[in-house]
Every structure is written in structure tokens, then in C-alpha cells.
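Trainee: dropping a prediction and its sequence here:
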Amino acid sequence: MDDYVAVAVGGLIGLAIGAILLFLLGFVLRYLWNTTLPEVLGVKPITTWQAIKILFIAAILFGGHRVVTAPPTTTPAPSRSASAAVDPAPGSAAAV
């Protein structure tokens, strides 16, 4: 039973940290938007909620925040034999 309590408490702490980070990012985006874009482009200032919505839209459009990813699949480069690197092509000036 103690394991379930520990998992629940850990999950709640994770949710709280995630919510705090989301609001901090929203505040930062709102600050940057409101101090830059109204002067440069003449757009209206935004609220923190609108900034959080922009963060969600950017994550959807640009594919950010992927929690689970597949390991990279790499194929080894074909090895070159030592003779292929040394022997000149037939008919070339070096072969004569």
C-alpha cells in the first residue's frame, strides 16, 4: 500500500512542477510579446492565458515535447577494402 501512496505523491508533485513551469513559460512569453511586438508590429498585447495557448499551438505545429521517442537507428557505413582505396581505376593515367 505504501508504494501506491509514493507513486500518487510523486505524480502530484510532477503535475505541480509541470503546472508551475507552464505558467512560468506563459509569463515569459507574455512579457516578451508585450514588450516587443506591439511596438514593432502594432499588434495588441496578450494575456497569460493567450500566451499559454500560443505555447500549445507551437508545440502542436512544431512537434515539441515528445516524451517517448524511438532509439535512433543507424546503419554502419559500408567498409571500403584497402585495395579499393589504393588500386587505380583501370584505364586511368595512374594505372598505366
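Mentor: Thanks, I have it. Numbers count the residues shown, from 1 in each chain.
Trainee: packing partners for the lengthiest helix in the chain?
Mentor: In the chain, taking DSSP state H as the definition, the longest helix is helix 2-40. Counting contacts by 3 or more Cβ pairs under 8 Å, 6 or more residues apart in numbering; DSSP states H and E, helix 2-40 is packed against helix 48-62. To be clear about C-beta, it is placed using only N, CA and C from the backbone, and glycine gets the same treatment.
Trainee: what comes into contact with the helix it packs on?
Mentor: Contacts with helix 48-62, where a contact means Cβ atoms under 8 Å, 6 or more residues apart in numbering, come from 22-23, 25-27, 29-30, 33, 46, 64-65.
Trainee: how about these in CSV, adding distance to Leu12, neighbour count and pLDDT?
Mentor: Converted to CSV, the contacts of helix 48-62 look like this (distance: Cβ to Cβ, whole Å; neighbours: other Cβ atoms under 10 Å; pLDDT from 0 to 100):
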residue, distance to Leu12, neighbour count, pLDDT
Leu22, 16, 13, 90
Phe23, 17, 14, 92
Leu25, 20, 13, 91
Gly26, 21, 20, 92
Phe27, 23, 13, 94
Leu29, 26, 18, 92
Arg30, 27, 19, 94
Trp33, 31, 17, 93
Ile46, 30, 18, 94
Gly64, 25, 9, 64
His65, 20, 10, 60
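Trainee: looking at those residues, point me to the pair that's furthest apart.
Mentor: Ile46 and His65 (21.1 Å; Cβ to Cβ).
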